[in-house]
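Novice: Generate coordinates for the sequence data below:
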Amino acid sequence: MRLHRLVVTAFGPFSDRQEIDFGALSDAGLFLIQGQTGAGKTSVLDAVCFALYGQVPGVRNSARGLRSDHAAPGLAPSVQLETTVRGRRLRVTRSPEWHRPKKRGEGLTKENAKVVLEEYEHGGWVALSTRVGEADDVIGGLLGMTAAQFCQVAMLPQGAFAGFLRADAKGRRELLERLFAAEIFTAVENWLGERRRETGRAADGLRAAAGSIAGRIAEAAGEPSPHE
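Specialist: Have a look, this model is predicted:
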């Protein structure tokens, strides 16, 4: 996965629109997010995670906590991420559930969570889905990880990577197979194992048949059985 651009609005500590051009930062293939405590480093990673999965790690994963407390009352919270996953350039725009002021009268009204998933094709953006569940399935299928797994291996500042290190061998293997698309090697291993069992059964059958024929020949010739 390669990040290209992130736009956050009224999200976390960001009270208005902020944009990060990852493409300009990662010419060498790597970039560093740094800053003082409280500068918003974790919130940048939260925004990436939210764009991909519609949630953020840990206790911060609540609709009330996702919208900035310092944003203008009517400003909708949103995150937009452009990324390339397995050769496909995608743009994900998400808004968490939040409460906006009513257009008429006093009080608040709820706005449901929304998503727009697009793919860049033939020089323009083509809509793939505006349904939360459907978009989640497409993104999760391309990434090959659940939100929990993504947080374990990608969200290092959250300390969740330690959970991956403490996981049992089976859990680590399953996750690493997804990360490195190792399913094909597992499939080949299973196919070879099944072929070994099939050829083994066939060889046993042929061996038994040959022994039976040799026994009958020996009996007809008045000779001891080969097995003896």
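
Novice: From the chain's centroid, how far away is the longest helix that the chain contains?
Specialist: Assignment by DSSP state H gives helix 183-221 as the longest helix of the chain. Centroid separation for helix 183-221 versus its chain: 43 Å, with C-alpha atoms, centre = their mean, to the nearest Å.

Novice: Mean pLDDT per element in this structure, and the minimum belongs to which helix or strand?
Specialist: Within the chain, no helix or strand scores below helix 63-66, which has a mean of 61 by mean pLDDT, DSSP states H and E.

Novice: can you list the residues that contact the helix or strand following that one?
Specialist: Where DSSP states H and E defines the elements, the next helix or strand beyond helix 63-66 is strand 78-85. Strand 78-85 has contacts (C-beta atoms under 8 Å, 6 or more residues apart in numbering) with 1-11, 47-48, 50-52, 89-95, 139, 142-143. In this view, the C-beta of every residue, glycine as well, is placed from N, C-alpha and C.

Novice: Relative to Glu223, how far out is the residue nearest to the spatial centre of the chain?
Specialist: With distances taken as C-alpha atoms, centre = their mean, Met145 lies nearest the centre of the chain, 2.7 Å away. Separation of Met145 from Glu223 (C-beta to C-beta, to the nearest Å) stands at 68 Å.

Novice: With Ser78 instead?
Specialist: Using C-beta to C-beta, one gets 90 Å for the distance from Ser78 to Glu223.

Novice: now Leu52
Specialist: Distance of Leu52 to Glu223, given as C-beta to C-beta: 76 Å.

Novice: neighbour-wise, which of these two wins?
Specialist: The residue with more neighbours, out of Leu52 and Glu223, is Leu52; 26 against 10, by other C-beta atoms under 10 Å.

Novice: quick one: the strands in the chain?
Specialist: 2-11, 14-21, 78-85, 88-95, 98-101, 108-111, 114-121, 124-129 (DSSP state E).

Novice: The fifth one packs against which elements?
Specialist: In this structure, strand 98-101 packs against helix 63-66, strand 108-111, with contacts taken as 3 or more C-beta pairs under 8 Å, 6 or more residues apart in numbering; DSSP states H and E.

Novice: which regions of the chain sit below the pLDDT cut-off?
Specialist: Along the chain, the model assigns pLDDT under 70 to residues 26-29, 58-65, 152-164, 175-176, 178-182, 226-228.

Novice: how about a cut-off of 80?
Specialist: Confidence mapping of the chain against pLDDT under 80 gives the ranges 25-41, 57-65, 148-149, 151-167, 171-184, 219, 222-228.

Novice: Can I get the strands of the chain in CSV including mean neighbour count?
Specialist: Below are these laid out as CSV (neighbours: other C-beta atoms under 10 Å):
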stretch, mean neighbour count
strand 2-11, 20
strand 14-21, 15
strand 78-85, 21
strand 88-95, 20
strand 98-101, 15
strand 108-111, 12
strand 114-121, 17
strand 124-129, 13
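
Novice: of all these, which lies closest to Glu189?
Specialist: strand 78-85 (26.4 Å; C-beta to C-beta).

Novice: What strands line up against that closest one, and which way round?
Specialist: strand 2-11 (antiparallel), strand 88-95 (antiparallel) (DSSP bridges).
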